[in-house]
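1. Below are the sequence and a predicted model; questions follow.
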Amino acid sequence: MWFDPDDTATVSQAKIRHEAHQDDKLDSYGWVRHDGRSYGRQELLDGDYRLSIQMVKSSSSDSGYGGDWAVRVKASLSETGKQRQQQEKAAAEAAGRKAKKRKLSLVFYFADAHWRTAELDMWPEGQQSKLGEGVQLLSGTNEDVGPWALHLRPAASGGAVSKGAAFSRLHHLGMRLQDGQQLVQLKQLMVQALAENARRIGFESGLKLWLPSISQPQPNLAAFQVTATLPADFDLVFVTRPYSNGDERLTALSGNNLTKLAAEREQQFEQHFSLTFPIYETPSSINATALAETSKAALSNLLGSMGYFVGSSKVKLPPGSEPYNPPGTNVPLGTDPTVVNYWREALFTATPSRSFFPRGFLWDEGFHQLLVQKWDPQLSRDAISHWLDLLNSQGWIPREQILGKEARARVPAEFIVQHPSHANPPSLFLPLLAHAMSVSAATSDGSSGQAEVERTKAFLKRAWPRLEVWYNWFNTTQAGQTPGTYMWRGRDASTNAELNPKTLMSGLDDYPRASHPTLEERHIDLLAWMALSSRAMAEIGKVAGAPDKAVSNFAAAADALGSMQRLKQYHYDANSGHFRDYGLHSEDVELVWQEVPQPNGAPPKRQLVRHVNTPPKNQLLPSFGYVSLFPLLMQLLPADSVELKQHLDLLQCEELLWTSHGLRSLATNSSMYNKYNTEHDAPYWRGPIWMNMNYLTLKALKHYSSVAGPHQNAAQSIYTGLRSNLL
């Protein structure tokens, strides 16, 4: 955490930075370098302050499980802060007084998740009030890591020790937490402790926002406040098995040695990035240096936002299930007895957004792992394995993973419960297919590359039984009423509060579907996903050593599901050349204000309610957008087909999806284009540009530009133009 110790808003407005929140409105923050394993550098710009944070991990024969790590925090004034300080200095000199130097408080806090047994040995109270040459803050023994010690030192670079850090003031607080919920509320606990201690000290000599430097007996959470005049640089070093050359390892991970080691790791990142993601072609309008820097930051933010979550999902039992109330348990009053806990699970995953979606999403992870798979195949295999271990016996994976109290605290109640009939696009087949194809493309020459091939083959062989069950779950539970068609189950047919009932299961949330959900719907995107999944299963099966019959069955399913005959029979509109969903639909719907009766005799409430002005009928839906492109995105269109030419022409139409920044999600002539779905539900997939869909489009265009056919040159031209626009 960090805050301004001289600002009353720190307490009055709880202006302490902690978790990444959009409401904090930082100027910028993010990882600019991160290798996913042992090195990262993050830059944060927060008004008057700039923080640069480097993380380095190190393992040796002396270190314990997980190895040692160090974090360097460099705190300074931003350009805005420097200008403000100069103005304050000039004003003070004009008034004949000394200008006050700008300070910043950093709070480093630590907790052991083994709440009941953990005990931290804290730096003795009153040992020293300034950091000086450094101090051992904590030590203890953890069930997994073993003995450990934590040190804080002033950073040194080029032989010069940070004076701001050396003269910084130290305060601390030790607490005995009962469970993880208190950790979720840690920011509020810190604000309370600072305010109470400030009142205890009094305000005769000014505001003093300091922790009280006390500890409860047997603390399992420790917080250390360091207040420094800026600039100030600190090294925080965690050493496992300190009895085994701990002092040497501490020295190796601090001061000038840490500066050197961080520089080496950064150089290794640069080299690995250049080899893994070389930038071959850059449009003349693009700054190549800026493009490379942006690309490194994008990769680093993905890797740096990977997390390890532990907990249980909340799951709604299927209709007809008996309420879950085993002997010896009491269901709290007002709790739905048909909502139960999934098993306690662990998930290592990337997250879509640190500040807004800090948890795992199934279909997002498929796209995440496409990138991770190229950067670090083993890291990707690890994450995918965690997801496949969430599979239940029927083959269902909860689409949104809200594991643990911290994750649950960030999610609105209506999104917490997961439904076993609801799917999410099987996008994990994208990186799984990439893993399989990497084996098929490799040469068996006994080199170091062959070792990676064998690791991938072993992984896919272990994954195969789960993938079969997962595929079969999709193929049965998401099948449409018409054989050979599919539909996303779980749309709300009873709501009148939405302009168009959302299809969260599809990943495309508010993208317009049939206005009146029924079991007769047919969704073109899910059919295309199943065709891709079938092809992926065939390729994975070859590498995994699956039975020949299973491989041939999946290959046959891919041909059948992706055939032009099926696509045209169930989803093609010959007049427009569009592939479309099918369902009970009316274009003539609108949201109108209405006095809605409330339960229990409460007065009516004015709300937006959907009115259907023209009765719906079963039809192919007229909206054109991302969903319409799925036969192209999944490369189902034959290279010499008229339908491919039609879609290449449609892609370039500016009245539809084409923009100077990429393909928009919905055509401008759609009745739902950029419309709110409720009073507060802004358009999400009704116009905005989404990078994952543009990526799939580029991938498909690259494919068609490399396949002989009459549309090869057109595909290449559109690929070049779309890529340039996106960059």
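-> Arrived safely, thanks for sending. What you are looking at is a predicted structure, and each value in this text was computed from that prediction instead of being measured.

2. what packs against the longest helix anywhere in the chain?
-> In the chain, taking DSSP state H as the definition, the longest helix is helix 448-477. Packing contacts for helix 448-477, counted by 3 or more C-beta pairs under 8 Å, 6 or more residues apart in numbering; DSSP states H and E, involve helix 377-388, helix 429-441, helix 524-544. (Glycine included, C-beta is placed from N, CA and C.)

3. Same list, these, but as a markdown table with distance to F203 and mean neighbour count please.
-> As requested, the helices and strands packed on helix 448-477 are exported to a markdown table (distance: least, C-beta to C-beta, whole Å; neighbours: other C-beta atoms under 10 Å):
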| stretch | distance to F203 | mean neighbour count |
| --- | --- | --- |
| helix 377-388 | 51 | 20 |
| helix 429-441 | 58 | 19 |
| helix 524-544 | 62 | 25 |
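
4. tell me, which of these is the model least confident about?
-> Mean pLDDT is lowest for helix 429-441 among the helices and strands packed on helix 448-477, at a mean of 95.

5. Point out the other helices and strands that that helix packs with.
-> Packed against helix 429-441 by the contact rule (3+ C-beta pairs under 8 Å, 6+ apart) you find helix 362-375, helix 377-388, helix 448-477, helix 524-544.

6. Can you say which of the ones you listed is nearest to R249?
-> Closest to R249 of the helices and strands packed on helix 429-441, according to C-beta to C-beta: helix 377-388, at 25.0 Å.

7. which residues of the stretch 201-350 of the chain fall in strands?
-> Along the stretch 201-350 of the chain, counting by DSSP state E, counting those that start in this stretch, strands occupy 214-215, 221-229, 232-240, 307-311, 314-316, 339-341, 345-349.

8. How far off centre is the third one?
-> I take that to be strand 232-240. Chain-centre distance of strand 232-240: 27 Å, with C-alpha atoms, centre = their mean, to the nearest Å.

9. How about the fifth one?
-> Taking C-alpha atoms, centre = their mean, one finds strand 314-316 lying 22 Å from the centre of the chain it belongs to.

10. can you check the fourth one too?
-> Per C-alpha atoms, centre = their mean, the displacement of strand 307-311 from the mean C-alpha position of its chain is 13 Å.

11. Go through that strand and flag the buried ones.
-> Using 16 or more other C-beta atoms under 10 Å as the burial criterion, the residues of strand 307-311 that qualify are G307, F309, G311.

12. Compile these into CSV and extend it with columns for pLDDT and distance to V612.
-> What follows is these, written out as CSV (pLDDT from 0 to 100; distance: C-beta to C-beta, whole Å):
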residue, pLDDT, distance to V612
G307, 94, 44
F309, 94, 42
G311, 93, 42
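
13. which among those residues gets closest to L388?
-> Comparing the buried residues of strand 307-311 against L388 with C-beta to C-beta places F309 closest, at 15.7 Å.

14. contacting residues around the closest one?
-> F309 sits next to A346, L347, F348, T349, R359, G360, Q401, L403, G404, A407 when contact means C-beta atoms under 8 Å, 6 or more residues apart in numbering.

15. out of the residues you listed, who has the most neighbours?
-> Within these, G360 tops the neighbour count with 28 neighbours, counted by other C-beta atoms under 10 Å.

16. ok, what's across the strand from that residue?
-> Beta bridges link G360 to Q401, judged by DSSP bridges.

17. ok, now which ones touch the closest residue to V453 other than its chain neighbours?
-> Using C-beta to C-beta, 6 or more residues apart in numbering and skipping the chain neighbours, the partner closest in space to V453 is A442 (4.7 Å). Neighbour list for A442: G449, Q450, E452, V453 [criterion: C-beta under 8 Å, 6+ apart].

18. returning to what we had before: which positions in the longest helix of the chain come out as buried?
-> 453, 456-457, 459-460, 463-464, 466-471, 473-475, 477.

19. Give the rounded mean pLDDT of it.
-> For helix 448-477, the mean per-residue pLDDT is 95.

20. now it and helix 429-441, what's the angle there?
-> Per axes from the mean of the first three to the mean of the last three C-alpha atoms, to 10 degrees, the angle that helix 448-477 makes with helix 429-441 is 140 degrees.

21. contacts for whichever strand or helix holds D559?
-> Assigning secondary structure by DSSP states H and E places D559 in helix 548-561. Residues outside helix 548-561 that contact it (C-beta under 8 Å, 6+ apart) are 468, 471, 484, 527, 530-532, 534-535, 537-538, 541-542, 566.

22. ok, now with 10 Å
-> Outside helix 548-561, the residues that touch it by C-beta atoms under 10 Å, 6 or more residues apart in numbering are 464, 468, 471, 475, 484-486, 527-547, 566-567, 634, 636.

23. and after that helix, which helix or strand comes next?
-> Moving toward the C-terminus from helix 548-561, the next helix or strand (DSSP H and E) is helix 564-571.

24. Would you indicate which residues of that following helix are buried?
-> Using 16+ other C-beta under 10 Å as the test for burial, helix 564-571 gives R566, L567, Y570, H571.

25. Quick check: Q85 touching R102?
-> Yes: judged on C-beta atoms under 10 Å, Q85 makes contact with R102 at a distance of 5.5 Å.

26. list residues touching both of the two?
-> Residues within reach of Q85 and of R102 at once, by C-beta under 10 Å, 6+ apart, are D48, L77, L230.

27. Which ChimeraX command selects the buried ones in the residues you listed?
-> Buried residues within those, by 16+ other C-beta under 10 Å, are selected in ChimeraX with:
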select :48,77,230
